[in-house]
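Engineer: Please find the sequence and the predicted model below.
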Amino acid sequence: MNLKRIFSVLVVSIALLSGTIACKSKISDADLKAKVETAIQSNPNVQVEVKDGVVTLNGTVGSDDEKAQVESSAKAADTKGVKSVVNNLVVNSISTEPIQVNTNDADLSAKVLEFTKDFPSVKTAVVDGVITVTGELEQARVQALKMGLDALNPKKVDMSGLIVK
């Protein structure tokens, strides 16, 4: 009789323990995003997106070391919740020289054509040093396009004709 009672208590204890472990809730994407944002709050130019535990980092940093540090901080924010990190950060080196605006349409057009080859759904036109962008592009790639075109030093980049998906 006593052995039967001990066995019953043991079975119930194991069932409760395994149920508690199995029912352990996963962290929500919103909570994970908040943790990562807190971990990288010293980098205001970095945006965080989280989908199913995959953290995507977008924005600009000042160096390759800072880019790696932000990625490490994102991973360390919640080692169990972060499945992986997609690092789309762009290193933006700060120059002390004044920016020279490129008003040579032929030169600027060639550079724009070369840069936008990785954006096949985007069309561009250059007139009087102004780059006009049309077509369609995913939201995640808009910032990279804008930053790349700005780096060519035009008078202006007009993206009002771009449809963001």
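Structural biologist: Received, thanks.

Engineer: in what helix or strand does Lys35 lie?
Structural biologist: helix 29-39 (DSSP states H and E).

Engineer: what are the phi and psi values for the spatially most central residue of the chain?
Structural biologist: In the chain, the residue lying closest to the centroid (C-alpha atoms, centre = their mean) is Leu57, at 2.4 Å. The phi/psi pair for Leu57 (degrees, to the nearest 10) reads phi -110, psi 130.

Engineer: So which residues of this protein form helices?
Structural biologist: Ranges of helices in the chain, per DSSP state H, are 2-22, 29-39, 64-77, 105-115, 139-150.

Engineer: which stretch in the ones you listed has the least confidence?
Structural biologist: Mean pLDDT across the helices of the chain is lowest at helix 2-22; the value there is a mean of 67.

Engineer: can you count the residues close to Val91?
Structural biologist: Neighbours of Val91 under the rule other C-beta atoms under 10 Å: 12. Yep, even glycine has a C-beta here, placed from its N, CA and C like the rest.

Engineer: Which residues does it form beta bridges with?
Structural biologist: Val61 (DSSP bridges).

Engineer: Could I get the contacting residues of it?
Structural biologist: Counting by C-beta atoms under 8 Å, 6 or more residues apart in numbering, Val91 touches 60-64, 66-67.

Engineer: Same question for Val82.
Structural biologist: Val82 touches 32, 36, 53, 55, 74-75, counting by C-beta under 8 Å, 6+ apart.
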